[in-house]
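Participant: sharing a model prediction with you, sequence too.
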Amino acid sequence: MLFSQQQWLRQRFFVLGSLVLGSLFFLVVREGTLDRLPLICPIKDRLRPADVSGQIPLHTLQHKQALGLKLHRRNSTKEQLRTLRLIKQLPRAIIIGVRKGGTRALLEMLSLHPAVVKASQEVHFFDNDKNYACGVDWYLKKMPFSFPHQISIEKSPAYFITEEVPERIFKMNPSIKLLLIVREPTTRTVSDYTQVLEGKEHKNKTYNKFEELVIDNNTCEVNTKYKAVRTSIYTKYLEHWLKFFPTEQFHIVDGDRLITDPLPELKLVEQFLNLPSRISQYNLYFNATRGFFCLRFNFMFSKCLAGSKGRIHPDVNPSIKEKLQRFFHPFNQKFYQITGRTFNWP
Ligand code: A3P
């Protein structure tokens, strides 16, 4: 009896020990692989040649990136920043919208790439007259610290629908790359409504039902005066942008696919930005509790988006939903035509 108990304990110990050793072996091998990945190369034709930081292994770069952020927060001296070769750079790509399209998820997921550094907050430089009046130096100050071979990216979803923005961005950099993430327009409209509704609820205010806002009471047609509806007419805004930038400078991201299967969408963005492919399935894992993909930066650090992303939408009357879908249909067709990207929207 005692013998069999000892044998059982020995077996448990052996199994546990193997598991621990196996995990350690996996981590060591994986870290080694990361270090051996090809060095991050500068973005073709667009970036200055990489300096010595290009020879720093990936994990060191990520560490330095975090260090740069810390230094930034602590108002470090110019000397310290110069030693680390950290600088501020104007963005080479901007996520211009669309609101509730998945702009935060896209920005966060792109920042998994070691050559991408994100401005954490929405900057609202081009859509806010007061900020814009502060000049491009103000904008530059809002950018994160980065190494010369890295690119800074910011997202401000209001850019897409604000009339003055395309011209202002063009004046700053006519060859900038523009990322537009879109979702099926009716879903986006509901998401937009849900966000405002939540804001009202937090302030203990009442708000109209979705159906009351999207349908014009007098005509019984879709209410195009309601901003959430107008924002979902993507083609209307895109046509204005195309007066300033050629289609090649835009990349359309499928926001619905970014939710269900983000990696292929991110690979397309990497290509568009001329970045070497570095974001892998390892960096993205599905979190069943959240119901969304979350981000894994390394074996120590992973995160999901905040709870304000991925809200539960209210139920919408099916006939109103259908009416909206019929309303958006012709605009969607035009959007496919212009962008050359077709979606399975109704
Ligand atoms: P919902 O809250 O309607 O679900 P934005 O960042 O532009 O405001 O977009 C918010 C939307 O991003 C969310 O809309 C959510 O569906 C979507 N999203 C995409 N990927 C996500 C992710 N990994 N985690 C959470 N939300 C994500």
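Facilitator: Received it, and whenever you're ready, just let me know what you need.

Participant: pLDDT on the helix or strand encompassing Ile259, on average?
Facilitator: If you go by DSSP states H and E, Ile259 is part of helix 255-260. Helix 255-260 comes out with an average pLDDT of 98.

Participant: buried sites along that helix?
Facilitator: Gly255, Asp256, Arg257, Leu258, Ile259 (16 or more other C-beta atoms under 10 Å). C-beta here means a position set from N, CA and C on the backbone, and glycine is covered the same way.

Participant: isn't the third one up against Glu265?
Facilitator: Yes - in terms of C-beta atoms under 8 Å, Arg257 counts as a neighbour of Glu265; the distance is 5.4 Å.

Participant: and the strands in the stretch 51-200 of the chain?
Facilitator: For the stretch 51-200 of the chain, applying DSSP state E, counting those that start in this stretch gives strands covering 87-88, 93-97, 116-118, 145-146, 151-155, 177-182.

Participant: need the ones you listed in JSON lines with distance to Ile320 and mean neighbour count, can you?
Facilitator: Listed next are those as JSON lines, based on distance: least, C-beta to C-beta, whole Å; neighbours: other C-beta atoms under 10 Å:
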{"stretch": "strand 87-88", "distance to Ile320": "47", "mean neighbour count": "16"}
{"stretch": "strand 93-97", "distance to Ile320": "25", "mean neighbour count": "27"}
{"stretch": "strand 116-118", "distance to Ile320": "37", "mean neighbour count": "23"}
{"stretch": "strand 145-146", "distance to Ile320": "46", "mean neighbour count": "22"}
{"stretch": "strand 151-155", "distance to Ile320": "30", "mean neighbour count": "24"}
{"stretch": "strand 177-182", "distance to Ile320": "21", "mean neighbour count": "24"}
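
Participant: got CSV for the ones you listed, with distance to Cys220 too?
Facilitator: As requested, these are arranged in CSV below (distance: least, C-beta to C-beta, whole Å):
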stretch, distance to Cys220
strand 87-88, 53
strand 93-97, 30
strand 116-118, 44
strand 145-146, 53
strand 151-155, 37
strand 177-182, 28
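
Participant: please name whichever of the ones you listed is nearest to the ligand.
Facilitator: Checking the strands of the stretch 51-200 of the chain against the ligand by C-beta to the nearest ligand atom gives strand 177-182 as the closest, at 7.0 Å.

Participant: which other helices and strands contact the closest one?
Facilitator: strand 93-97, helix 103-110, helix 234-241, strand 250-254, helix 255-260, helix 262-272 (3 or more C-beta pairs under 8 Å, 6 or more residues apart in numbering; DSSP states H and E).

Participant: format the ones you listed as a markdown table; extra columns: distance to Lys142.
Facilitator: Formatted as a markdown table, the helices and strands packed on strand 177-182 follow (distance: least, C-beta to C-beta, whole Å):
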| stretch | distance to Lys142 |
| --- | --- |
| strand 93-97 | 12 |
| helix 103-110 | 14 |
| helix 234-241 | 22 |
| strand 250-254 | 23 |
| helix 255-260 | 25 |
| helix 262-272 | 22 |
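
Participant: hey, which of these is tucked in deepest?
Facilitator: strand 93-97 (a mean of 27; mean count of other C-beta atoms under 10 Å).

Participant: give the rounded mean pLDDT of that strand.
Facilitator: Rounded mean pLDDT across strand 93-97 is 98.

Participant: so that strand versus helix 262-272, what angle?
Facilitator: 130 degrees (axes from the mean of the first three to the mean of the last three C-alpha atoms, to 10 degrees).

Participant: relative to strand 177-182, how tilted is strand 93-97?
Facilitator: Using the same axes, to 10 degrees: strand 93-97 against strand 177-182 is 30 degrees.

Participant: does the ligand sit close to strand 93-97?
Facilitator: No - judged by C-beta under 6 Å from any ligand atom, strand 93-97 makes no contact with the ligand; its nearest approach is 7.8 Å.

Participant: list of residues touching that strand?
Facilitator: The contact list for strand 93-97 (C-beta atoms under 8 Å, 6 or more residues apart in numbering) reads 103, 106-107, 151, 153-161, 165, 169, 176-181, 237, 241, 273.
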